[in-house]
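Undergrad: Need a 3D model of the following:
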Amino acid sequence: MGSAPTVTTKITFLIIGIIVGALIGYGLGYATITPREVTVTSTTTVTYQATASPTPTEKVKLIVIGPWAGAEMEAFQQVLDKFMEEHPNIEVEYRIYRAEDLASVALPQFEAGMAPGDVIFTAWGWWVKEMGEKGHLLDLSGLVNPDEFVSGIFDPVTSGGKIYGLPFTAWAKPGFWYRKSFFQAHGLQEPKTWDEFLQLLDKIKGISGVEAPIVTGDGVGWPISDVTEHFIITFGGIDMQLKLASGELKFNDPQVRAVFENYLVPLLEKGYFSEPIEWTKAIEEWWSGRYALYFMGTWLTGMVEDPNDLGFFPLPGCEGVVMGTDYIFVPKYTEHPEEAKLLAKWLATEGQRVHVGTHAGKFATWLKVSVEDHWAPMQVVYEKLSKMKPVPDLDDTVGGDWQKLFWDQLKLLWVDPGKLDDVLNTLTENFPG
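TA: Next up, the predicted model:
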């Protein structure tokens, strides 16, 4: 787990390599992909109080907007609580906005000279840059030393010599997770080939009490798109993922159709995937043994009872993994610019040290955070991630109404695989351009 000096050194370089690769991959993705706007659906508000003793000085309240709810929110709460402990004159009110909602919530307010929050998080660096170029964000240049972060991480949020966003922690969507105890109890092993993967699914399907080998997470739609993109990256390659996201390649192109027809659809037809289940409920049912495999991001490590019982594997032959980081930015319209910048700086530096030590399932982008600062179960994930190349998320990159259409059409495919051509044609005909 990194206790010996030699192992620590090895993991340190491994972490840096992973994140550097992730940013390089995202740089390539942003260079070839045109982002779209998104639409709003809902928000949730949670207020956290500082744990420090009261002080006679009047407090300043800052609104922080982020995408985290549930267990992820609890992990982020620890970060906010630590900041408020160190800065007792600043109170933080946290508001939850899904990533796919934020752009449409903020843009009209920006244009009206208002802001939904004082400090805001988003994984879409291209959008931060765009808002900065339109004059809606504060220039955060000089708040931190870019040389203390992984190389290239500021590129997506820098324009005209100005830095409009600061990086927070990073995440990945690496593959199918399973319980080690479940595999051991039933004599199962990670597959090394596609044929072995099919054999594994057959064995799991024959286990008493198992409803389907793979549980399908759903809710807002993205869990289904994540596993679909994993098939595209594995059997179509990283280049296919990038070209589909940019619109250079169409979904009804024969080579794209072949990925669905030859690999994904047969699994759906054989009942290897469950019907879509709300993704957090799916975690409970998968953990209880009703399903054996679950495709999910690294944050899953913080959402289970025993993360040491977790194992995961990508599809055999997969060379790419969707990775990303969340960026922190400050709207120009905040009423407390100095306090907001203070919080943004702290979150991008010492806040990362706190966050990676929680059960959030994230790793640091600030190089002053050590291996030992990370939660132990996450250190185990790095070795497999280091063998894969980072790739940008397809539907998050396209965004807009098409993103929701993508989710809906994949739900249709999941329950009716015979609709493959209708699904691919609909995605092609409605792709923005």
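
Undergrad: quick one: the strands in the chain?
TA: Remark: strands assigned in the chain by DSSP state E are 43-48, 60-66, 90-97, 119-122, 158-159, 162-163, 166-173, 175-179, 212-218, 273-278, 291-296, 310-313, 320-329, 389-391.

Undergrad: For residue 81, find the nearest of the ones you listed.
TA: Proximity to residue 81 (C-beta to C-beta) singles out strand 43-48 among those, at 6.2 Å. C-betas here are computed from N, CA, C, even on glycine.

Undergrad: ok, residue 415 to residue 233 distance?
TA: Using C-beta to C-beta, to the nearest Å, we find residue 415 at a distance of 24 Å from residue 233.

Undergrad: Pick out whichever of these two has more residues nearby.
TA: Each of residue 415 and residue 233 has its neighbours counted (other C-beta atoms under 10 Å); residue 233 has more, 26 against 11.

Undergrad: Just the pLDDT for residue 43.
TA: We have a pLDDT of 40 for residue 43.

Undergrad: How many residues are close by residue 131?
TA: By the measure other C-beta under 10 Å, the count of residues near residue 131 is 24.

Undergrad: OK, contacts around it?
TA: By C-beta atoms under 8 Å, 6 or more residues apart in numbering, residue 131 lies in contact with 106, 107, 110, 137, 164, 329.

Undergrad: let's go with 6 Å and repeat that
TA: For residue 131, the contact set (C-beta atoms under 6 Å, 6 or more residues apart in numbering) comprises residue 137.

Undergrad: I'd like to know how far it sits from residue 184.
TA: Counting by C-beta to C-beta, the gap from residue 131 to residue 184 is 50 Å.

Undergrad: So for stretch 285-301, what gets flagged as buried?
TA: Neighbour-count burial for stretch 285-301, with 16 or more other C-beta atoms under 10 Å as criterion, is recorded at 285-287, 289-301.

Undergrad: Ok, stretch 246-263 next?
TA: When neighbours are counted by 16+ other C-beta under 10 Å, the buried residues of stretch 246-263 are found to be 246, 249, 250, 251, 256, 257, 259, 260, 263.

Undergrad: And stretch 86-98, by the same measure?
TA: Here stretch 86-98 shows 87, 90, 91, 92, 93, 94, 95, 96, 97, 98 as buried, counting by 16+ other C-beta under 10 Å.

Undergrad: Kindly report the same for stretch 195-209.
TA: In terms of neighbour count (16+ other C-beta under 10 Å), stretch 195-209 has its buried residues at 197, 200, 201, 203, 204, 205.

Undergrad: With stretch 173-185 instead?
TA: Across stretch 173-185, burial judged by 16+ other C-beta under 10 Å covers 173, 174, 175, 176, 177, 178, 179, 182, 183.

Undergrad: follow-up on the earlier one: what's the most distant pair in the buried residues of stretch 246-263?
TA: Pairwise over the buried residues of stretch 246-263, using C-beta to C-beta, the maximum falls at 246 and 263, 22.6 Å.

Undergrad: gap between the closest residue to residue 209 other than its chain neighbours and residue 228?
TA: Closest residue to residue 209 apart from its sequence neighbours, by C-beta to C-beta, 6 or more residues apart in numbering: residue 289 at 6.2 Å. From residue 289 across to residue 228, the span is 25 Å (C-beta to C-beta).

Undergrad: Wait, residue 252 touches residue 428, no?
TA: Yes: with contact defined as C-beta atoms under 6 Å, residue 252 and residue 428 form a contacting pair (4.6 Å).

Undergrad: just to revisit the earlier point, how near is the residue nearest to residue 209 to residue 393?
TA: Remark: distance between residue 289 and residue 393 (C-beta to C-beta) = 30 Å.

Undergrad: And residue 74, by the same measure?
TA: According to C-beta to C-beta, residue 74 and residue 393 sit 24 Å apart.

Undergrad: Can you find the helix or strand of this protein with the lowest average pLDDT?
TA: strand 43-48 (a mean of 40; mean pLDDT, DSSP states H and E).

Undergrad: in the stretch 51-200 of the chain, which ranges drop under the pLDDT threshold?
TA: 51-57, 99-100 (pLDDT under 70).

Undergrad: What segments of it are helices?
TA: Ranges of helices in the stretch 51-200 of the chain, per DSSP state H, counting those that start in this stretch, are 70-86, 99-111, 125-133, 180-185, 194-205.

Undergrad: For the spatially most central residue of the chain, name its beta-bridge partners.
TA: Centroid-nearest residue in the chain: residue 171, 5.4 Å away (criterion: C-alpha atoms, centre = their mean). Beta-bridge partners for residue 171, by DSSP bridges, are residue 324.

Undergrad: Surely it and residue 360 touch.
TA: No: counting by C-beta under 6 Å, residue 171 does not reach residue 360; the two are 8.5 Å apart.

Undergrad: what sits in contact with each of the two?
TA: Common neighbours of residue 171 and residue 360 (C-beta under 6 Å, 6+ apart) do not exist.

Undergrad: Pull the number of nearby residues for the nearest residue to residue 290 once chain neighbours are set aside.
TA: Leaving aside its sequence neighbours, residue 290 sits nearest to residue 211 (C-beta to C-beta, 6+ apart; 5.1 Å). When neighbours are defined as other C-beta under 10 Å, residue 211 has 14 of them.
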